[in-house]
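> the sequence isn't on hand, but the structure is:
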């Protein structure tokens, strides 16, 4: 049995995902070591969000495997049937260690911000309510919305909601964080406040996989950049290399196009 | 001659004795029908045709036929079957009380199932996905996330259904039950003064339904603190 600390935090191997006859991921392999910040780039329809959602099984891959710290998720991938996890207890346990931040925040509208933060720690991880509350207060302080803790999500701006969603993810004490276009639904002037929180998380050595369109963020913050095109990894490497000297013509075009738009 | 006050008061007091039975029929059938309705709603949204189809058929039949006909079929029709007459259920099924209850419960289940289904479908997919991504599933996900959100959508429609049910219990009078309308019919046959008596009966139903409507208004308020501004809420 290999030591869990030497294993990649997340290892995807040969991930294939299809919807009916349409295959959107054609065997993608990617491993994130502990403390790595991987930004996943790609144009719309490249499969980057699907890839991220295959990590925590919001989408179940038709082929390939996913492992967290060496523990492979047990999947039933019988051809001709919809793929599904074999062990829902395993899925729930691993999901609570791989928190996700969504494009549309998805805070629970019937709970206050503080209640949103302690929901999963108390009910999924069965930690004491008192500890969770104290930790949640500290997290809200950290993302700069402590004054909003008794508000409901609808009373917050988009940027505040996304910061609350990041705090909710952190409240589960995750070992891996998944970000699915966390700034794409935000007004431009609110993007900065969310990126700042994410920069801080990267700086403290958290393992993060980020699907994003923020080129500057990907270049400055990530330890590795992955460019997806039509369900395949087209370019991969440290941002200092891939941005200044891309091997793939498509990535070169993509970067210049995104820069013109930005 | 109309509105002889002493007679009005006398009838009113006589009709009040029907309230417990009216409320019993309402509450028990709503509870039993509500449980059945949840089952039907889950069958409807199961995306398995062999669960969906029977639920659809049930709802079609019980929404598509008059409650009065359903009451008659259960009260007069079930005794035609020797199997039922000889079964352990017969002590119940021969009683008008249980037949009325059964018909009311079956009927409200069909309507409530659609209200519940609508509520469940209204829950934003992103909320459910966020809960799954946190490791929630099954009953925990239902209890903590889906149901509280669905309830907000269901309550207005469901309050309508309860008010209709209070009024529907009047049909139980057709199979000998002496709830409010049953007592009214009996008093009329004794006094031949339908106007005063029906006015009294109507007033009692109105009062009950006023309370039902207030109860649901309060429930709606209580379960949706997020719709109020923070300063309007008590901390």
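Perfect, I can see it now. Given the structure is predicted, the values throughout are model-derived calculations rather than measurements.
> residue A:103 contacts residue A:178, doesn't it?
No - Residue A:103 is not in contact with residue A:178 according to C-beta atoms under 8 Å; the separation is 11.7 Å. For every residue, glycine as well, the C-beta is placed using N, CA and C.
> residue contacts, residue 144?
You didn't say which chain, so I picked chain A. By C-beta atoms under 8 Å, 6 or more residues apart in numbering or on different chains, residue A:144 lies in contact with A:163, A:193, A:197.
> other chain: chain B
Applying C-beta under 8 Å, 6+ apart to residue B:144 gives the contacts A:119, A:123, B:131, B:136.
> where does chain B dip in pLDDT?
B:1-3, B:229-235 (pLDDT under 70).
> let's see that with 50 instead.
Where chain B drops to pLDDT under 50, the residues are B:235.
> helix, strand, or coil at the closest residue to residue A:214 other than its chain neighbours?
Sequence neighbours aside, residue A:183 is the residue nearest to residue A:214 in space, at 6.0 Å (criterion: C-beta to C-beta, 6 or more residues apart in numbering or on different chains). What DSSP: H, G, I helix; E, B strand; the rest coil gives for residue A:183 is coil.
> try residue A:179
strand.
> hang on, it packs against residue A:211?
Yes - using C-beta under 8 Å, residue A:179 is in contact with residue A:211, at 6.5 Å.
> between the two, what contacts are shared?
Between them, residue A:179 and residue A:211 share these contacting residues under C-beta under 8 Å, 6+ apart: residue A:52.
> what is the subsequent helix or strand relative to whatever helix or strand residue A:13 lives in?
Using DSSP states H and E, residue A:13 falls within strand A:10-19. Where DSSP H and E defines the elements, the next helix or strand beyond strand A:10-19 is strand A:22-32.
> which helix runs longest in chain B?
Scanning chain B for the longest helix, with DSSP state H as the assignment, gives helix B:194-223.
> my error: substitute chain A in the last question.
helix A:188-203.
> residues in contact with the residue nearest to residue A:214?
Residue A:183 makes contact with A:162, A:191, A:194, A:195, A:212, A:213, A:214 under the criterion C-beta under 8 Å, 6+ apart.
> show residues contacting stretch B:215-226.
With contact meaning C-beta under 8 Å, 6+ apart, stretch B:215-226 is reached by A:109-110, A:152-154, B:148, B:151-152, B:155-156, B:158-159, B:162, B:233.
> take the residues you listed and keep only those in helices.
Mapping those onto helices (DSSP H) picks out B:148, B:151, B:152, B:155, B:156, B:158, B:159, B:162.
> any idea how far residue B:125 is from the nearest residue to the fourth one once chain neighbours are set aside?
Okay, so that is residue B:155. Closest residue to residue B:155 apart from its sequence neighbours, by C-beta to C-beta, 6+ apart: residue B:220 at 4.9 Å. Residue B:220 sits at a distance of 24 Å from residue B:125 (criterion: C-beta to C-beta, to the nearest Å).
> of the two, who's got more company?
residue B:220 (15 against 8; other C-beta atoms under 10 Å in any protein chain shown).
> remind me which helix or strand residue A:107 belongs to.
Judged by DSSP H and E, residue A:107 forms part of no helix or strand.
> spatially nearest residue to it (excluding sequence neighbours)?
In space, and not counting its chain neighbours, residue A:107 is closest to residue A:153: 4.0 Å by C-beta to C-beta, 6+ apart.
> by mean pLDDT, flag the weakest helix or strand of chain A.
Lowest by mean pLDDT, DSSP states H and E among the helices and strands of chain A is helix A:249-261, with a mean of 82.
> which residues touch it?
Helix A:249-261 has contacts (C-beta under 8 Å, 6+ apart) with A:41, A:42, A:43, A:213, A:215, A:227, A:229, A:234, A:235, A:242, A:243, A:246.
> go on, stretch B:121-131?
A:58, A:100, A:102, A:104, A:106-109, A:120, B:45, B:141, B:144-146, B:149-150, B:153.
> list the buried ones in that stretch?
If you call a residue buried by 16 or more other C-beta atoms under 10 Å in any protein chain shown, then stretch B:121-131 has these buried ones: B:123, B:127, B:128, B:129, B:130, B:131.
> what's the spacing between the fourth one and residue A:215?
Distance check for residue B:129 against residue A:215: by C-beta to C-beta, it reads 27 Å.
> and if you look at the first one?
When C-beta to C-beta is applied, the distance between residue B:123 and residue A:215 equals 36 Å.
> which ones are touching residue A:39?
A:210, A:211, A:212, A:217, A:218, A:221, A:222, A:224, A:225, A:226, A:239.
> bridging across strands, which residues link to the second one?
Counting by DSSP bridges, residue A:211 is bridged to residue A:40, residue A:180.
> for it, which residues are in contact?
A:39, A:40, A:48, A:49, A:51, A:52, A:179, A:180, A:181.
> tell me which parts of chain B are close to chain A?
The interface of chain B toward chain A, taken as C-beta under 8 Å from any C-beta of the partner chain, is made up of B:124, B:126-127, B:129-138, B:140, B:144-145, B:148-149, B:152, B:223-226, B:229-230, B:235.
> put the buried members of the residues you listed into a ChimeraX selection.
Applied in ChimeraX, the following selects the buried portion of these according to 16+ other C-beta under 10 Å:
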select /B:127,129,130,131,132,133,134,135,136,137,144,145,148,149,152,224,226
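> re the thing from before, among the ones in helices among the contacts of stretch B:215-226, which ones are buried?
B:148, B:151, B:152, B:155, B:158, B:159, B:162.
> and the residue positioned nearest the centre of chain A, what does it touch?
Most central in chain A under C-alpha atoms, centre = their mean is residue A:178, positioned 1.4 Å from the mean C-alpha point. By C-beta under 8 Å, 6+ apart, residue A:178 lies in contact with A:52, A:55, A:56, A:98, A:99, A:100, A:101, A:208, A:209.
> next step: the residues you listed restricted to helices.
A:52, A:55.
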